[in-house]
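1. Whatever this is, show me its structure:
(one chain, ligands or ions: 4)
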Amino acid sequence: MSYEKELKAAKKAASLAAQLCQKVQKALLQSDVHSKSDKSPVTVADYGSQALVSFVLGKELPTDSFSMVAEEDSADLREDGGQETLERITKLINDTLSSDGSYDLSPLSGEDVLTAIDSGKSEGGPSGRHWVLDPIDGTKGFLRGDQYAIALALLDEGKVVLGVLACPNLPLQPIGNSEKHSLQCQAGCLFFAEVGGGTHMQSLDGSLSTKVHVSSTENPAEASFFESYEAAHSLHDLSSSIATKLGVQAPPVRIDSQAKYGALSRGDGAIYLRFPHKGYREKIWDHAAGCIVVSEAGGVVTDAGGNPLDFSKGRFLDLDTGIIVTNKKLMPLLLKAVRDALSESQATPSL
Ligand SMILES: Nc1ncnc2c1ncn2[C@@H]1O[C@H](COP(=O)(O)O)[C@@H](OP(=O)(O)O)[C@H]1O
Ligand SMILES: [Mg+2]
Ligand SMILES: [Mg+2]
Ligand SMILES: [Mg+2]
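-> Ligands and ions are numbered 1, 2, ... in the order given. Here you go, the predicted structure:
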């Protein structure tokens, strides 16, 4: 089955959401940042991106029944004091839509925006089609002026069939350890993948796309690895122990968000290690788009036990310990290093 029209709609939605986010990141005001009930940050751009993606998918695919599993909801915006924030979000969306000019419509109201945000409340699951959206993945990176991604995927009967990653701060050229990338001079990258069709990358301002592939290295000594910038999101000591056992020599490349999956899909590094602290439950929107972008580029994404990620279980992933990503040749060696490091860390619980 081809998902051509869905992929076209997803690229349009993620690109417009990226424009909105870029506008906010350039003029970021502290008043645009709020804390959610779990104390994680959320900004007007997270809400604006979610509403815009929902709105664009509805416009581009008017005949499809619409179900979306997305990170944000409108509860905080509906509370006393949320009105001013909602007005900012509504203005951002209307400005983005009117400068794009694709749709002939009257401006959206605050109520339209709340409804669009709440269209992401689906539970997903094994049957039917569900869009899966992280409107800004890496909000902490976004606030620091670093990497973030708009991550949109489509689940069909429990499987990820397409994924789009808009990474506004990721340069088109390979990234490595040393460079600090300036925000001014880049258009950013759009990665997209459809099941069976490979992974492609283009610039966010619409250049021709090129097909990308994961690194083909079989030698861990030549492989560099990605991990979260935030130590609170992934155990850096454990990754370092895995990398040492594997024989990786380069220091970790720490960047926020699913930009790691995008960078990996074009061979910037060969490995991604993610080991959250005990008790954390991974959400499907943090991995669905990244997972297909890497696997269609020839990579493998599994949990720490070597099992493929199962996106059919609802809003959460049900996993063994952590997530690891690499190419097919390195995966057996990586799985062994992970097993060894994990059994050592259980013997030495401070890791
Ligand atoms: N304690 C924790 N452990 C692991 N992941 C966490 C976490 N707290 C938040 N996250 C997730 O980590 C994501 C960012 O990934 P990364 O660490 O690769 O930059 C966040 O996405 P959001 O920024 O969309 O909330 C959030 O879902
Ligand atoms: Mg968040
Ligand atoms: Mg996220
Ligand atoms: Mg998010």
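2. quick check, distance from stretch 201-218 to the centre of its chain.
-> Remark: stretch 201-218 is offset 16 Å from the chain centroid, using CA atoms, centre = their mean, to the nearest Å.
3. How about stretch 93-110?
-> With CA atoms, centre = their mean, you get 25 Å for stretch 93-110.
4. ditto for stretch 33-42
-> 18 Å.
5. Can you list the buried residues in it?
-> When burial is assessed from 16 or more other CB atoms under 10 Å, stretch 33-42 yields the following buried residues: 33, 34, 42. (Glycine included, C-beta is placed from N, CA and C.)
6. May I have the strands that pair with the lowest-mean-pLDDT helix or strand in the chain, each with its orientation?
-> Using mean pLDDT, DSSP states H and E, the weakest-scoring helix or strand in the chain turns out to be strand 33-35, at a mean of 76. Next to strand 33-35 in the sheet, as set by DSSP bridges, lie strand 41-43 (antiparallel).
7. Tell me which residues of the top helix by length along the chain come out buried.
-> Longest helix in the chain by number of residues, with DSSP state H as the criterion: helix 4-26. Neighbour counts over helix 4-26 (16+ other CB under 10 Å) mark 6-7, 9-25 as buried.
8. Looking at the protein, which residue is nearest ligand 3?
-> Residue of the chain nearest ligand 3, by CB to the ion: residue 137 (3.6 Å).
9. who does that residue bridge with?
-> Beta-bridge partners, per DSSP bridges, of residue 137: residue 149.
10. Compute the distance between it and ligand 4, please.
-> 5 Å (CB to the ion, to the nearest Å).
11. right, and that residue touches residue 147 too?
-> No: shown here, residue 137 and residue 147 do not form a contact pair, counting by CB atoms under 8 Å, at 9.4 Å.
12. Find residues that contact each of the two.
-> residue 257 (CB atoms under 8 Å, 6 or more residues apart in numbering).
13. what residues does the stretch 1-150 of the chain put near ligand 1?
-> Contact residues, the stretch 1-150 of the chain versus ligand 1 (CB under 6 Å from any ligand atom): 40, 71, 134, 136, 137, 138, 139, 141.
14. ok, of those, which come out buried?
-> Looks like these have 71, 134, 136, 137, 138, 139, 141 buried, using 16+ other CB under 10 Å.
15. among those residues, which are within reach of ligand 2?
-> residue 139 (CB under 5 Å from the ion).
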